[in-house]
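Trainee: just need the structure, nothing else, for what follows:
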Amino acid sequence: MPSSTLARRVVAPEDLARPPRFATRRNPSLRTRGGKVGVLAREMGRPLKAHQQYIADVGGELNPAGSRLRFRYQLVVVSLPRQTGKTTLMRPVFLERTLTTPGVEAYMTAQHGKDAGKRWEQLVADVETSPLLSSFVQVRRGKGDQACMFPNGSY
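Mentor: The predicted model follows:
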């Protein structure tokens, strides 16, 4: 599918196998960063499922030109059961923000340090195995000093 078609694709709740019970509807008149998030997820080798793409599309909606704030939603709350892909969704969202906006600091946490380290290594492996992403990212692996540094000053 051409990337221009991909970026304009709109996922609606009724497109999902089980539509969300409570969800903000996508406003098709607004541009979104959701398409870019989907492309980055595929580039990392973890394409988004339909519900993840829907969240990225709605959460990534942009205000019309001339608005004081870039994004329509300043806070996006995602409440999903365990192991339904929240971390898988957030990785390309963080990458999209850090790649497109200079000076962004994105942080992830986990319940335990062991889990955080495991998730960090998975993210780094996904980024380093991607021919596109690996050329943009400098990885620091020091204990307590882990970071993915981007040329625009984001990490």
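Trainee: helix or strand for the residue nearest to the spatial centre of the chain, just tell me which one.
Mentor: Compute the mean C-alpha point of the chain, and by C-alpha atoms, centre = their mean the closest residue is Val93, 1.5 Å away. Val93 is located in helix 86-100, with elements delineated by DSSP states H and E.
Trainee: about what we covered before: give the contact list for the closest residue to the residue nearest to the centre of the chain other than its chain neighbours.
Mentor: Spatial nearest neighbour of Val93, excluding adjacent residues (C-beta to C-beta, 6 or more residues apart in numbering): Val37 at 5.5 Å. Every residue, glycine included, has its C-beta placed from N, CA and C. Residues near Val37 by C-beta atoms under 8 Å, 6 or more residues apart in numbering: 48, 53, 56, 60, 89, 92-93, 96.
Trainee: could you pull out the helices for this structure?
Mentor: Ranges of helices in the chain, per DSSP state H, are 3-8, 34-43, 50-59, 86-100, 113-129, 131-134.
Trainee: export those to TSV and tack on mean pLDDT and distance to Leu75?
Mentor: Output for the helices of the chain, formatted as TSV (pLDDT from 0 to 100; distance: least, C-beta to C-beta, whole Å):
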stretch	mean pLDDT	distance to Leu75
helix 3-8	48	24
helix 34-43	94	17
helix 50-59	94	10
helix 86-100	91	14
helix 113-129	85	23
helix 131-134	80	27
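Trainee: among those, which is nearest Asn152?
Mentor: helix 86-100 (7.6 Å; C-beta to C-beta).
Trainee: got the angle between the closest one and helix 50-59?
Mentor: Between helix 86-100 and helix 50-59, the angle comes out at 40 degrees (axes from the mean of the first three to the mean of the last three C-alpha atoms, to 10 degrees).
Trainee: numbering from 13 from now on, please.
Mentor: With 13 as the first residue, the last one maps to helix 98-112.
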